[in-house]
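In: What follows is a predicted protein model with its sequence.
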Amino acid sequence: MFKTIKKLNFILNKSHKKKILFLLFLLILTVFFDMVGLSLLYPVLSVMNDSNIEGVFNLGVIFKYLPQNINQGLNISNLLSLLLSVYVFKTIITLLSSWFETKLLANLHRDISNKLFS
């Protein structure tokens, strides 16, 4: 395993290493938003089934930190808009990480091929 790491360290230059670390960060961010998106499905589906927000969420803790005028506005449409915005943001992050990964792999392939055959 250490031999492989040493070989990668020898082959990759500093900019490639930075890009790989950035890609790792994007992939971790993608996994985080996947978990958030999946965790929001159950409460939204439960509220749509029962129409009782207080039974699904512990709203006393949340409302303690919010202004009074926000308390009345929490309904199903707000929950659905939150779910939709999380999924849109998750999709943008996933597309960005896929594009960056493809671009990085193509550049790595090109640079390593140039190093080997020059």
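Out: Received the coordinates, thanks.

In: helix/strand/coil for the residue most central in space within the chain?
Out: For the chain, the residue nearest the mean C-alpha position is Thr30 (2.5 Å; Cα atoms, centre = their mean). When classified by DSSP: H, G, I helix; E, B strand; the rest coil, Thr30 comes out as helix.

In: what sits against it?
Out: Lys90, Ile93, Thr94, Ser97 (Cβ atoms under 8 Å, 6 or more residues apart in numbering). No exception for glycine: its C-beta is placed from N, CA and C like everyone else's.

In: ok, for Phe89, nearest residue in space, not its chain neighbours?
Out: Once flanking residues are discounted, Phe89 sits nearest to Phe33: 6.6 Å by Cβ to Cβ, 6 or more residues apart in numbering.

In: Quick check: that neighbour touching Ser85?
Out: No - counting by Cβ atoms under 8 Å, Phe33 stays clear of Ser85, with 11.1 Å between them.

In: okay, those two: which has more neighbours?
Out: Neighbour count, other Cβ atoms under 10 Å: between Phe33 and Ser85, Phe33 has more, with 17 against 10.

In: and that one, what is it in contact with?
Out: Phe33 makes contact with Val86, Phe89, Lys90, Ile93, Thr94, according to Cβ under 8 Å, 6+ apart.

In: Tyr87 now?
Out: So Tyr87 contacts Gly37 (Cβ under 8 Å, 6+ apart).

In: where's it relative to Phe25, distance?
Out: Distance of Tyr87 to Phe25, given as Cβ to Cβ, to the nearest Å: 21 Å.

In: circling back to that earlier point, quick check: the residue nearest to Phe89 vs Asn114, distance?
Out: Phe33 is 36 Å from Asn114, where distance means Cβ to Cβ.

In: now do Leu24
Out: Distance from Leu24 to Asn114, counting by Cβ to Cβ: 25 Å.
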